[in-house]
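Undergrad: Just a sequence and a predicted model for now, questions to come.
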Amino acid sequence: MRCIIMANGQYGANAFYKRKFPEGDRIICADGGANYAYQLGWYPSAIVGDMDSILPEVREYFTSLGVPFTLLSCRKDETDTQAVLAMAQAMGATEIIMLGTLGGRLDHTLSNLYSGLDAIKQGIKITHISPAVRVDLVNRELAVKGQKGDLVSILALTDETQGVTIEGFEYPLQNVCLRKSDPYAVSNVMTGTNGTVFVREGILAVFHYGQS
């Protein structure tokens, strides 16, 4: 099952999301992410959070439709996005698309990226998508589809990633170790429409610009 998580971050043009995500996916909103679901005309399966950022009219609207709300304390040891990720996993999601998780505050962006590590270890596919960039979390293999000249950067999210091999890029790598402390695999360029990223051990974040 594919699940879309909507956080309360930056989105951009609604047309991008309407084109990219046809109806049919299960949607869970983290608090103010419901404001964007409302704008897009999407119907969430649940809304989770301390409800400090959802607009009153949006809360009233989804309440009238019978959308279930899970109210969290404003004093808690996890973010709303972490709580929604846990709910998606409990629902049996095998793939999670995260929207509104990139851009804006850097601490929120980093928190959102790191929040997916446990899910990746459990075999769940995690992808963050915005009009500007797509970020895939990878612990095995990723097929990168785009256009010649697309910019792709690769960063280690675990302390070390062993056996990293990338093909289809101007600067290929063959069975190397990428470390968080030495983030040199940035600003690579696709040489065609297809590339591959492979890692034997550890977790990578693959940033793909120009994919929208």
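TA: Received, thanks.
Undergrad: Apart from its chain neighbours, what residue comes closest to V189?
TA: In this structure, V189 finds its nearest non-sequential neighbour in E170, 4.3 Å apart by C-beta to C-beta, 6 or more residues apart in numbering. For the C-beta atoms, the positions are set from N, CA and C on the backbone; glycine is no exception.
Undergrad: count of neighbours near the one you found?
TA: Residue neighbour count, defined by other C-beta atoms under 10 Å, stands at 12 for E170.
Undergrad: give the contact list for it.
TA: Contacts for E170 (C-beta atoms under 8 Å, 6 or more residues apart in numbering) come out as 188-191.
Undergrad: Ramachandran coordinates for G192?
TA: Main-chain dihedrals, G192, degrees, to the nearest 10: phi -160, psi -150.
Undergrad: Run through the residues that contact it.
TA: Going by C-beta under 8 Å, 6+ apart, the list of residues near G192 reads 148, 168.
Undergrad: Next, find the distance separating it from V152.
TA: From G192 across to V152, the span is 12 Å (C-beta to C-beta, to the nearest Å).
Undergrad: same question, E95
TA: Applying C-beta to C-beta, the value for E95 to V152 is 21 Å.
Undergrad: what's the answer for P172, then?
TA: For P172 relative to V152 (C-beta to C-beta), the value is 12 Å.
Undergrad: Which of the two has more residues huddled nearby?
TA: Between P172 and V152, counted using other C-beta under 10 Å, V152 has the larger neighbour count: 26 against 13.
Undergrad: Give me the secondary structure label for the more buried one.
TA: Here V152 is strand, with the state taken from DSSP: H, G, I helix; E, B strand; the rest coil.
Undergrad: residues touching the residue nearest the centre of the chain, list them.
TA: The centre of the chain sits closest to H128, judged by C-alpha atoms, centre = their mean, with a distance of 2.1 Å. By C-beta under 8 Å, 6+ apart, the residues touching H128 are 98-99, 101-102, 112-113, 134-135.
Undergrad: now the helices: where do they sit in the chain?
TA: 14-20, 33-40, 56-64, 80-90, 106-115, 117-121 (DSSP state H).
Undergrad: Just want to check the distance between the residue sitting furthest away from the middle of the chain and V58.
TA: What lies farthest from the middle of the chain is S64; by C-alpha atoms, centre = their mean that is 29.2 Å. According to C-beta to C-beta, S64 and V58 sit 11 Å apart.
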